[in-house]
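**Student:** any chance you can model this:
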Amino acid sequence: MQNEFYQTSILLIYTGGTIGMIENPETGILEPFNFQHIQTHVPELKRFGFNISTIQFNPTIDSSDMEPEIWAKLVKTIVDNYNDYDGFVILHGTDTMAYTASALSFMLENLSKPVILTGSQLPIGRLRTDGKENLITSIEIAAAKENGKPIISEVCIFFQNHLMRGNRTAKINAEHFNAFRSNNYPPLARSGVHIKYEKNVIYQAISPKPLKAHYKLDSNVVILKLFPGISKETVDAILNIPGLKGVVLETYGTGNATTREWFLESLKAAIDRGIVIVNVTQCQSGGVEMQRYGTGNTLYEIGVVSGYDSTVSAAITKLMFLFGHDLTPSEVREYMQCSLIGEVTINNNYYD
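**Tutor:** Predicted coordinates:
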């Protein structure tokens, strides 16, 4: 029986980003404030009655400077504090938040507690900031339990009233408050007067296991986005990068690409060298159906792997994760066509 004096504990991890900025009254320049004093800036947090602790990266990281080493640091921070907190909220810049959420979803195997990433379009010190609502609701979600168990036990992004699976989310707007959307997977929860959880789409492990952290990622991967008029020189320069292991190929529509002979020959030569090429759509919604049209089927026949309805950020971080575990190209190809942690719509889950 839980102790009657038990107090919900949430760890707030501030990596950097707009949400943690406050205006210097003397210079007018936006500067990161000390998150140890977060309740001074957001006094509403005291009304929760939670034990809210903070860890602030020093120096703080602009999200455009995000690297796999920082992802490993985040994983280590969560692992070191895993048994002491009910949930984790990561404050992060918006530009690469979807990449970080995707990477963490793979790196935190058997996660059984909520890890919620959030941020804002306006600094938390501004009068009209969206940061306060995003932060307050993220903390409430991270603390939410039912029958003594967390309602959420996966890596998510919360932004402007929507809780989304992290590896299904993409930034879709550089200016508006509704900056993120999960176009190929429904929101896990929506906040209004109440927070409504969609329990049928929340990830549930079939057989819960102890948390297993992964730290190794291989950055010898690249994104190749097609466009009309792309030259052979451009494609060959990318596919012949020394040490290259994987390519996320952003194609048109449902996975279509030019069928010019030089293009197919370049792809085939790369595949024959052991480079894994994954086909994802440039469209915001929908996925790849490589055998629907002749152009996509041609890619399938030369060995390009379907990325199904994966986001670009999920596909590239998944390649980094798999190659980081010293898997062979054939093994990586196999796992890219599996759902490891709900990142693509395939009816299997490797971790279970």
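**Student:** which residues of the stretch 101-250 of the chain fall in helices?
**Tutor:** 131-143, 232-239 (DSSP state H, counting those that start in this stretch).
**Student:** deepest of the ones you listed, which one?
**Tutor:** Ranked by mean neighbour count, the helices of the stretch 101-250 of the chain are led by helix 131-143 with a mean of 23 (mean count of other C-beta atoms under 10 Å). For glycine as for every other residue, the C-beta is placed from the backbone atoms N, C-alpha and C.
**Student:** what's that one packed up against?
**Tutor:** strand 9-14, strand 87-91, strand 115-118, strand 155-159, strand 195-197 (3 or more C-beta pairs under 8 Å, 6 or more residues apart in numbering; DSSP states H and E).
**Student:** domain ranges for the chain, per the record?
**Tutor:** 9-213, 221-336 (automatic domain parsing).
**Student:** got a markdown table for those, with distance to residue 346 and mean pLDDT too?
**Tutor:** Converted to a markdown table, those look like this (distance: least, C-beta to C-beta, whole Å; pLDDT from 0 to 100):
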| stretch | distance to residue 346 | mean pLDDT |
| --- | --- | --- |
| domain 9-213 | 12 | 87 |
| domain 221-336 | 6 | 94 |
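**Student:** tell me which of the ones you listed lies nearest to residue 345.
**Tutor:** domain 221-336 (5.2 Å; C-beta to C-beta).
**Student:** among the helices of the stretch 101-250 of the chain, which comes closest to residue 282?
**Tutor:** Closest among those, using C-beta to C-beta: helix 232-239, at 15.9 Å.
**Student:** how about the helices of the stretch 101-250 of the chain in TSV, adding distance to residue 296?
**Tutor:** Below are the helices of the stretch 101-250 of the chain laid out as TSV (distance: least, C-beta to C-beta, whole Å):
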stretch	distance to residue 296
helix 131-143	39
helix 232-239	17
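**Student:** so which of the ones you listed gets nearest residue 42?
**Tutor:** Of all these, helix 131-143 comes closest under C-beta to C-beta, at 5.8 Å.
**Student:** format the CA atom coordinates belonging to that closest one as PDB.
**Tutor:** This file holds the C-alpha atoms of helix 131-143, laid out as PDB (Å, rounded to 0.1, in the frame of the first residue of the first chain):
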ATOM      1  CA  GLY A 131       5.500  28.300 -22.500                       C
ATOM      2  CA  LYS A 132       3.600  28.300 -19.200                       C
ATOM      3  CA  GLU A 133       0.700  26.300 -20.500                       C
ATOM      4  CA  ASN A 134       2.900  23.800 -22.300                       C
ATOM      5  CA  LEU A 135       5.100  23.400 -19.200                       C
ATOM      6  CA  ILE A 136       2.200  23.100 -16.700                       C
ATOM      7  CA  THR A 137       0.300  20.600 -18.700                       C
ATOM      8  CA  SER A 138       3.400  18.500 -19.500                       C
ATOM      9  CA  ILE A 139       4.000  18.200 -15.700                       C
ATOM     10  CA  GLU A 140       0.400  17.300 -15.100                       C
ATOM     11  CA  ILE A 141       0.600  14.600 -17.800                       C
ATOM     12  CA  ALA A 142       4.000  13.300 -16.500                       C
ATOM     13  CA  ALA A 143       2.400  12.900 -13.000                       C
END
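**Student:** in contact with residue 230, which residues?
**Tutor:** By C-beta atoms under 8 Å, 6 or more residues apart in numbering, the residues touching residue 230 are residue 258.
**Student:** neighbours around the nearest residue to residue 250 once chain neighbours are set aside, how many?
**Tutor:** In this structure, residue 250 finds its nearest non-sequential neighbour in residue 225, 4.1 Å apart by C-beta to C-beta, 6 or more residues apart in numbering. Residues contacting residue 225 under the criterion other C-beta atoms under 10 Å number 12.
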